[in-house]
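Participant: only geometry, no sequence info:
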């Protein structure tokens, strides 16, 4: 077995950024590189294929194989990135650049920087005798709806043996985040009957009831914004669930009565809110105005919200490391929501600022990257090397 040369975190990040792992592409190339890099004595690699077989979740572990008490630690991140199609990039987005104390490149911040430091941590940890497992869980298609994490939690046969503590390396500027909103996606489909617009009585317009539905959804949005569910005080300027009418598609030509219209809706849910109850509120809101409309309502995706107790040992340890005393929350969804479903206590903690992600000239401060690595090394020692 030829052991690959260990790279610096910066050099490893350069290799990761060079992969165009946009969610629309297969992530197999970057996943295979990661596997090749960490493939060393003492490291176990599991590949968990997507249903279509074109994407891969990676579960990479070192330390004891048996883990009946679910001790140890998970370091988790997603391998996909958003497209790099902005026009104002000052350099090739897939070529890592270093300037002004930061690394620049697509995914450098969200979240290949964290992947690089986690990979080097497990490589170093594999050379020591750990009392409890250290596991990397790298997922696919987080950016388009935490799809890889959902598939992992629902179908990977060994999910119940994973450690019950996880650090999700989303860019939080090295703040510890213990709660985030979820994202519920709904699709309304209205069906009518096509006809020449000169003879509208022969058809049934599908767009018109969709327009009525949009008015009702706006009223529901206003109603949600007036509410203050539990934990709302931690969500700053948006302390309530939000409803967004994101896309409306209908009709084929101006001289044809449209026979189909779809309305896509996203609802950002607060921790402990019930998706089922929200769906019923949407259905009830639409039922009065649309009794005669041919409409279907379906859930097309869900990223659950996340809530971790402030008494969690993992949370308290990380807060102690950085001297944090306040509760931090974010309004976007992550893989942590699905990890919580699997009984895994998760925090968000990573280098970089989310405001620098998903935009041209995405960047991550080099000093934050190195500081995060040191903190996570100590955290690994605490949860993986200590005797039971």
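Facilitator: It's in. Keep in mind that what you see is a predicted model, and the values were worked out from it rather than measured.
Participant: can you pull up the bridge partners for residue 168?
Facilitator: With DSSP bridges applied, residue 168 shows beta-bridge pairing to residue 76, residue 348.
Participant: tell me, how many neighbours does it end up with?
Facilitator: Residue 168 has 30 neighbours, counted by other C-beta atoms under 10 Å. For glycine as for every other residue, the C-beta is placed from the backbone atoms N, C-alpha and C.
Participant: Then the one 4 residues further on?
Facilitator: By other C-beta under 10 Å, the residues close to residue 172 number 20.
Participant: That one bridge partners, please.
Facilitator: Beta-bridge partners of residue 172, as defined by DSSP bridges: residue 353.
Participant: Next one: it, what pLDDT does it get?
Facilitator: In the predicted model, residue 172 carries a pLDDT score of 97.
Participant: Contact partners for it?
Facilitator: 328, 330, 348, 349, 350, 354 (C-beta atoms under 8 Å, 6 or more residues apart in numbering).
Participant: ok, so what distance separates the nearest residue to the fifth one once chain neighbours are set aside from residue 116?
Facilitator: Of all residues not flanking residue 350 in the chain, residue 169 sits nearest, at 3.7 Å (C-beta to C-beta, 6 or more residues apart in numbering). Per C-beta to C-beta, to the nearest Å, residue 169 is found 10 Å from residue 116.
Participant: And for residue 223?
Facilitator: Residue 223 is 45 Å from residue 116, by C-beta to C-beta.
Participant: Between the two, tell me which one has more neighbours.
Facilitator: Taking neighbours as other C-beta under 10 Å, residue 223 and residue 116 compare with residue 116 leading, 28 against 13.
Participant: May I ask which helix or strand encompasses that one?
Facilitator: Element membership of residue 116, judged by DSSP states H and E, is helix 113-125.
Participant: Residue 187 contacts residue 261, correct?
Facilitator: No: counting by C-beta atoms under 8 Å, residue 187 does not reach residue 261; the two are 11.3 Å apart.
Participant: Pick out whichever of those two has more residues nearby.
Facilitator: Neighbours were counted for residue 187 and for residue 261 using other C-beta under 10 Å; residue 261 has more, 23 against 15.
Participant: for that one, which residues make a bridge with it?
Facilitator: Taking DSSP bridges as the rule, residue 261 bridges to residue 190, residue 250.
Participant: Pull the contacting residues for it.
Facilitator: 189, 190, 192, 206, 207, 209, 210, 248, 249, 250, 251.
Participant: By neighbour count, which of those wins?
Facilitator: Neighbour counts for these, by other C-beta under 10 Å, peak at residue 190, which reaches 26 neighbours.
Participant: Would you agree that one is in contact with residue 204?
Facilitator: No: the pair residue 190 / residue 204 is not scored as a contact, 9.7 Å apart, by C-beta under 8 Å.
Participant: Identify the contacts common to those two.
Facilitator: Common neighbours of residue 190 and residue 204, using C-beta under 8 Å, 6+ apart, are residue 294.
Participant: which residues sit against the helix or strand harbouring residue 296?
Facilitator: Using DSSP H and E, residue 296 sits in strand 295-303. Applying C-beta under 8 Å, 6+ apart, the external contacts of strand 295-303 come out as 145-147, 150, 182-191, 209, 213, 264, 275, 279, 282-283, 286, 333-334, 337-338.
Participant: about what we covered before: show residues contacting the helix holding residue 116.
Facilitator: Applying C-beta under 8 Å, 6+ apart, the contact partners of helix 113-125 are 6-7, 9-10, 12-13, 16, 34, 37-38, 40, 43, 60, 62-63, 75, 77, 79, 103, 134, 136, 138, 169-171, 350-352, 364, 369, 372-373, 376-377, 380, 384.
Participant: Among the residues you listed, which are located in strands?
Facilitator: With strands defined by DSSP state E, the entries of those inside them are 43, 60, 62, 75, 77, 103, 134, 136, 138, 364.
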